[in-house]
Structures are given as C-alpha cells and as structure tokens.
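Asker: this one's sequence-less:
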C-alpha cells in the first residue's frame, strides 16, 4: 500500500513525523506537505500561480515541501507518485470538531484525496499535546487498523482526546458555531479585528465534540456531496420551479459540446489581455 | 431587510456592483468584500493576524474593503453591521459547479453566513460574461424573489447559464472531479506545476452542471452538515466501535468544564513562547 | 514623453489618480500599479511565480493592475510599453523620510526605473492628507517642472509638507532610525509583536526630515551605488586584503565564460528536482 | 559577543546551520530567521499585522522561526535578545552581486542590523553549492576574523566563489542590471510574465562581480545613506532651489512639536475608520 502523508501545520511539524512513522507500519510512506504553516486555509487551492516543491527528509522518509495549500500538496503528490492508495493528514496540533471543520486545512487534505478517488483520513490531537506524541501512536495505529478494512469509507475525520478510552463512530456537531470577531487596536490606536473562537456549551451525545469531551476517540464518516437532499425533495414537491419543462425538453445527458462550453465558463476570466501596446 | 453583499473576485469586480444594485431593490445594502482577488480560497479564514478594513463606495453603496478572505468579510461585516438578514455573494465571474464548489470562495461567503445563522446565497455567471452584466440582472432578481419566501433555505448555490431559459432546483454533480496537475517550467528550466482544470463529460440530469449545460438557471439547496448519515448508520449497525459503552458510561451532555477543556484544545498551539530571554 | 505612473498604496488610491492627472500635462500617461496595498514592501520583486495584470481605467487613463510589488509593476510596465521616459511613483499617503526610505515601496518603484536606465521620481504626501489632493497638484507640477531639465537626475525622492513654502534640495536624514518592536497579545493571550515607528527628535538642517518639518518641499537626489567609497579607500590603504595579487594575476575584464558561470550561481537553487518517481 | 544569525532562505536552510556553526566559534549564537523562504523580498518589513515566532533548534542552537521578512527577524531578534553585537545573514544559496543586491533579503537582514546601530554582515555562496557547505566553513571563518577588528565596518556584503583563492575588498558593480521580464502562458493559454535574470557581460575589475568571476572572495563595505552627495552639491551650486531662504528663515533644528507632527504624517493612513455603524 502507498500512503501519502500531509498536514496543514507545515512539513516540519512533529505531529506529521509521528503520523508518518505509524503509517510506515502499514505501507510505503511518502511525505508531501506545505513548506510552512497553513492553518485555517480550508479547502483553498492555488490556481493563480504554479506550484513547486523541494526534496527533504522527514523522520527518515522521502519528503517534498510544497509552496502551496494542504489540498495542493495532495493533488501534486498524487500526480508525482502514481497509484497512491491512502492519504493521511495530520497529526494536527489542535482538534477539528463541529462546524470548525469547514476551515480546517487538515481535513481539506483528506477531502482532496476523496475528490481524487483516493481514501483520506484526517487525524487531530489536542493543541497542547506538543511535543510528545508518543502516547498517541498506539491510538493512531488502532484507528488505521479499524478503518482500513472499510472500503466504502472514503473520507474520515478523527479526533483524539488527551486520554483516550476507546473509539466511537460519531456525527458532526453542527448545532453551534464558535467563530467570532474580537476587536483590538494596533500600536497607533487604529482598530483591528481578530477572527477568534469562543467556548461552546457541551454538545449532544453521539457527536464528535461530545465524544472528545468524554475522552473517546471520535471517528466521523464524512461525505463530499453538499446537496441537502431532504430539502431538495421537499422543495421540488411543494414549490417546483421549472424542473418539469426542463426534464421534458432537455436530454438526460448533455452533448460533449455543451459540456465543453460550460467547462470554459467555469474558468476564471482571462488573467490578462494580450493585445496591449 | 439588511443585505450584506460580498464576493471573492475582490470589491472592485463589476459583478459585485451589479449584484448590489439588484439587492437594493429588496432592502438596505452594504458591501463588505476582499480588497483584492481571492479566487479558489475555499472556506479559509484568517486566524494568524487581525483583519482591517477601509471605507469606500461601490456603485453608490457604502462599502468596506477587507484584507481577508470572503469568509472573513462576512464574519467581520456581520459583526460591524448588526442584524444582517441575508448575505449575497457574487456575481462571480466563473461558474461554481459540481465538486469544484469545495474550492469556491464565492460559496464560502454564503456558507459563512449560514454558519452565523444568517441566510446565504452564492451567485455565479459564466467567466466570459464580463463586463456586461445587464442581461443577468433580471435573472438575479427572479432568483432572489424565488428564494426569499423559503425560510428554511439557509444556503443556496445559484449558477446562471449564458442564455437562461428558466429556473430549476438541482443537486450537486459529484460523480467526477475536474482538478488536475499540469507540469510546466520557469524561464531557467526548473519544473513547476499548475493546479488546473480539465473538461468533464456531460453530467446526469437533475444536477447543477446538467442544468447550466442545458441553459437553465441552477438553484441548489446545500447543507452544512458533512456527516455521511447513511454510512454512519450502516457502520454503527454492522461494525460498531465502542458507542455502546460510551453511551452507557458518559453523560448525554458534557459538563461546562469538559466543554471548556476541549475548547482550549481546539486552539492552535501558542503562537509564541513568552519566556524567551 | 511617455510617463509610467505607479505607487505602493494600490491602483485605486486617490493619490495615484491625482499624480496621473498632473503627469498628463507633461506627456502620455499609463498607469501600472499593484492590485492592492503593498506598503513597506521595500524593493521586493516577485521571482517565485509569474506575474499577471488586468486592464482597468484610472481617472480616464489606461491602467493595468498587477498582482505584484511596485518594483514588479515598473519592470512589467516598461516591458509592455516600450520607450518609457519617466516613472512617477505616488502620490503616497505617508511621508518617506530618512532611514525609513529603505522600506518604502513608493521609492522602490522609482529605484526600479533607475535600475532599468529610466528616470524615476517618488512623491509622498502627509498620511492625513487624504482624500483631498487638490492642494498638492500645483506643487507636484512645480516639482516635475523643476526636475525634468536635469538629465543627470536619475532618481529623486520628493516629500511634501502640509503647507509648502517652496522647494529645497536636501540630503537623507540618516542619523536616527525610527523603527521599533512593540509587544501585544492576541485574544487568547498569546504574545505578538508589531514592527512600529517611534517619534524621532528634530533632524539637522539640510536634511529631508528637517525640510518637511519646516514646511519646505524636500527634493533629494539619490544614487543606486551602495558602496561606501571613502571607507573602501581607507580599508584598501590601511588594511589591504589580497587586492594586489588579485589585480596582478586576474584579467581586468572577465571572459564571457566566467561571467556566464557566475550568472548561473546567482540564480536560486533549482526550485524542484525533476527526477522524482 | 552575542551573534544573531538570520537569512532569507528560511530557518531550515542548510546554509544557515553552517553559518551558525562557524559563528559559534566567535561568540554566543542565537538563530532568528523566517519560517519559510523569503528570497527577493528586499528590505520589506511587515507593518500591517503583528509578528509571531515559535521556538525550535537549529544545529544545536536556540532558534526562533518568525512569520516575517529577514528585516523583521533582525528587528524582532534584537528586541527579544538584548545587546546583540553582530548580525550574520546567510549563508545564502545564490550570489548577491551588483545591482541585484537591491532585491536581496539576505543583505536586508544585515542592513536592518546597521539601521539598528548593530554591525551586519551578509554572506552568499553559489546557488549550486548545496548541500555540502563544508568547503565554505574555513572561508566564512576567515572573513569573520578579517572583519571583526574593523569597528567602522557597519555593513558588509560578502560573496564566495566556488573555489576561493583569497579575499579582496571590492565595490559594487553597478554598470549593468540583469533583471528582465520573460513572457509565458498558463495551461489555459493566458499570458503571464516572469521577473527573471539575464546574463551580464564581465564586470570591471575591482567590483564584486569581477572578484567572484576570478574566484576571489568579494568583501564590499556598504553605506546606509542613499544621498548622491556629488550630484547634490552640483545642483545646489548650479541650480539652487530655495535653500538660501529656507536656511535663513528656518531654525537649524526643528522644535519637538514640528518633529512630532511630521512623525504623525509618516504613518500610514488609519487602517480603518472606527465610527462605522
């Protein structure tokens, strides 16, 4: 098995080295990770400039540091190293729970794997755990052992509490959101604003947040389809738009020409205008 | 109604001005948008430095340009302007369809609204439509009119074809992914890699991509919960972990102390170490 | 005369529009400026990725916004628009005096012009002058009229006081430096550090700082050669290294092969290593 | 002696570790360097956001990686570690010769030291020298030994050829500039532009470029004052502006009030406008 290891804390994070070491028990390991910290970058990709990498060594493993986002690293790594089977992202310094996972670069690396048809697992530890990751190694091993047999598990988000009691399947805690704006000033008194976080009351049982609060390793199966199917079905039934006509008059599959035309419309506008002088 | 207008093409994009003008027919408008282009930034937020803004005017509307991501703009705008009811993001120069929406900054602004408990609508037009947005104005108006009455529609992704025939509810086209790595070189011959896109075959009917290919305005209701509930239920039934014990021995709701402890573990590691000298 | 106008406050700064308007009285004007604020970027250039631009209009003039530094804009502008005669940079919101000019992006645009063999003039106004630049227009005109006839003036740094009394030639005030580090914290109490400025006592007469303090327009001729010739002569006389042998055994001009070899050594190390798989 | 070691290739560059090791023979060493590559950033400083650092170890030395420019690192390092005597910057992977030194982050770290009243030495090696820096260690030692006794040498730029024959004092080669714009395209055919370099013909003897071409270690004393004194004197004599009146009616030193007023005008415009709602 070929295992690509990435993260969003940057290639020199001790959490990545610990994860790579555990991963090497399951297959051949290659590290492809950002050349610096890329926390909270979400699923950003770098489309406005080309990427590059430099070779290095991380904990004895062949490693590539990339001037891009976690998602860039997985796309570039899968391109350079054919037939990747599994992407592991982490071990992140900081939990990725509830609605906060939208901003997570750690999870984005695993999502990028799933987009590419590979399997992706994101693993996160308490922020204050650094620098001793030894206690998490047996738990990372147990998680990988538990997940590998499930071929239908394309995308999984794992969070470790400080003192794990065991593993539990969980769902995402979506009831509350903990981001908030906090005002401050610079040395000359000019107003500035931090995008910070605020404590959230205890979550409901069965969720990722609740599991970690109760010292269980939270293992959450995620999906890539953002469609709200239930709402969609309800809207189509009660407040239809023109789906009826559309289905009647349009082919069930578009022609290659129509697909190609839309593809061109997805791209950004031309970066520049050549006829300048 | 108070309507916040944002985008990811930057505050001076003509698409934003066109959207703000249409929005002003439905309520009081304020523009809060990035000070430069932030395409493909996904749901990134700026957590490592404070944000700032400067006042300006966009098409006669009070406007604030922010040195941050689309999601930052919505969070900061909602903080500075209390009681925002609706966030409109766009009109983007370039379609946001299928799996590509994971990378979309346009959609991230609308998602950030939904995370904050507000309603968010992302609107995208063909990339080559610039600079004449007049033909899209009546269609933006029709979309807003159609969506406003549905209070349960928290997050909607809208894409306009070049010559719209009408509106249809759609689901996300998730079968294929169009991102790919394309090698190139710099002037000194050193290898570089573009994260580019490749054409995708025609999508199945009922999807956002199919709708736009057939010249219908695609209106997709989205959700914020990434949990794969069906897979979760299957896994819990067929391959349980320790949910049984966990539920038996743990309270259904965590104590405030446990919640607070986990909250601390979500934060990044300390940015710096104070005891230096 | 072909005049390229740039700045470091970004292409939408009202100071740039005011300068372009005055410049148009002296020749044909084109604006090439950063797409966002690039203050304090010094003489940075963008070597790790390619640049791009988009066309726009600034105050009726043909304009190009570039995703790069002020120095990038001048190099790209001179490439795209052949036979540029003069580069004007500003009107900057904030004075550029004394040792602070090392960090100035406004001056860097003018320096880049001088490096390319063109003439460059940097113009800066008090930071609190925005948004009414009308009072500075006659003074900008007077400065350009005064400098144009001097063909040997390749690089000039101009600073306007709030209420100018006239123009004076000055030297740079180098006795003191006003940068300093100011500690602060983020919302979670983690230490951070601002690179800020502190007031400097009154400068000696004849300097740029003194002139502006006394409400004179400061006009400083600058050079591109950083060599400390006096110290060099003293060191070669009193503490020679091996200049004697070097001059005796080495040709006065290197061979093309030697020059080419050194050129290769100036480049960065290869961005990436091609033989990866 | 307290020696601060920095660079612009990033804290994990093997050139920095080699320089720190040699530096430790002369005094107590601390490393404060950028957390990633910051090549070609010139004398940029970070004024729009606060800086932070994290502790690490580089080659056994206490080290701090900073999310800022080389100049930021020196300012922050001098703030955190009182009584720094000497700043060494490098060993850079790539020569810094002639007019190219304007863009050099390596030299900017040494210049920042000089601005702060400390001594600064920038050291650069051929770009293709990596990863074996052992041959340069005795030469770095010789340079530091040769420069330390000269207290009037505040700022020195040193470049090593591949096979050094000895040390020579040099001046900067300013006759030619090697930057140029090279057009390219992205995968969708849109035009882009590289800021690249072009070979320069052999330089005149006595210059930094000539020395390295002839395999001598180039040691160039630099100054911080950019004033062109000769031209200034000529202009004041032949084409005076209003220096006469200015000197007659203005005090030789400004009042503290005038100095403070100008200081305020140097600052950027307010980052944001507080009275928003």
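Answerer: Perfect, I can see it now. Just so it is clear, the model here is predicted, and its values are computed rather than measured.

Asker: assumed residue A:31 was part of a strand.
Answerer: Yes - counting by DSSP: H, G, I helix; E, B strand; the rest coil, residue A:31 is part of a strand.

Asker: with adjacent residues omitted, what lies nearest to it?
Answerer: Spatial nearest neighbour of residue A:31, excluding adjacent residues (CB to CB, 6 or more residues apart in numbering or on different chains): residue A:63 at 3.7 Å. Where C-beta positions appear, they are placed from N, C-alpha and C, glycine not excepted.

Asker: neighbours of the closest residue to chain C within the stretch 1-150 of chain A, how many?
Answerer: When distances are taken as CB to the nearest CB, the stretch 1-150 of chain A reaches nearest to chain C at residue A:49, 3.6 Å away. Using other CB atoms under 10 Å in any protein chain shown, residue A:49 has 20 neighbouring residues.

Asker: and for residue A:1?
Answerer: 12.

Asker: thought it was touching residue A:86?
Answerer: Yes - contact criterion CB atoms under 8 Å: residue A:1 and residue A:86 qualify, at 6.3 Å.

Asker: can you check which residues contact both of those two?
Answerer: Residues touching both residue A:1 and residue A:86 (CB atoms under 8 Å, 6 or more residues apart in numbering or on different chains): A:26-27.

Asker: residue A:101 looks like it's in a helix, true?
Answerer: Yes - assessed with three-state DSSP, residue A:101 lies in a helix.

Asker: what about residue A:14, how many neighbours?
Answerer: 16.

Asker: how much space between it and residue A:25?
Answerer: 18 Å (CB to CB, to the nearest Å).

Asker: any regions of the stretch 151-277 of chain A where pLDDT drops low?
Answerer: A:199, A:202, A:268-277 (pLDDT under 70).

Asker: how near is the residue in the stretch 51-200 of chain A that chain D sits nearest to to residue B:98?
Answerer: As assessed by CB to the nearest CB, chain D sits closest to residue A:190 within the stretch 51-200 of chain A, at 4.2 Å. Remark: distance between residue A:190 and residue B:98 (CB to CB) = 43 Å.

Asker: near chain C, which residues of the stretch 51-200 of chain A?
Answerer: A:52-55, A:64, A:67, A:80-82, A:182, A:184, A:186-188, A:194, A:196 (CB under 8 Å from any CB of the partner chain).

Asker: ok, which pair from those residues is furthest apart?
Answerer: Farthest apart among those by CB to CB are A:82 and A:188. That separation is 54.0 Å.

Asker: of these two, who's got more company?
Answerer: The neighbour comparison of residue A:82 against residue A:188 (other CB under 10 Å) goes to residue A:188, with 14 against 8.

Asker: residue contacts, that one?
Answerer: Counting by CB under 8 Å, 6+ apart, residue A:188 has contacts C:196, D:267.

Asker: strands along chain A, start to end?
Answerer: Applying DSSP state E to chain A gives strands spanning A:2-6, A:28-34, A:53-58, A:61-66, A:86-93, A:119-125, A:155-159, A:167-169, A:179-185, A:191-197, A:217-221.

Asker: skip the chain neighbours and tell me the closest residue to residue A:106.
Answerer: Residue A:106's closest residue in space is residue A:92 (CB to CB, 6+ apart), at 4.2 Å.
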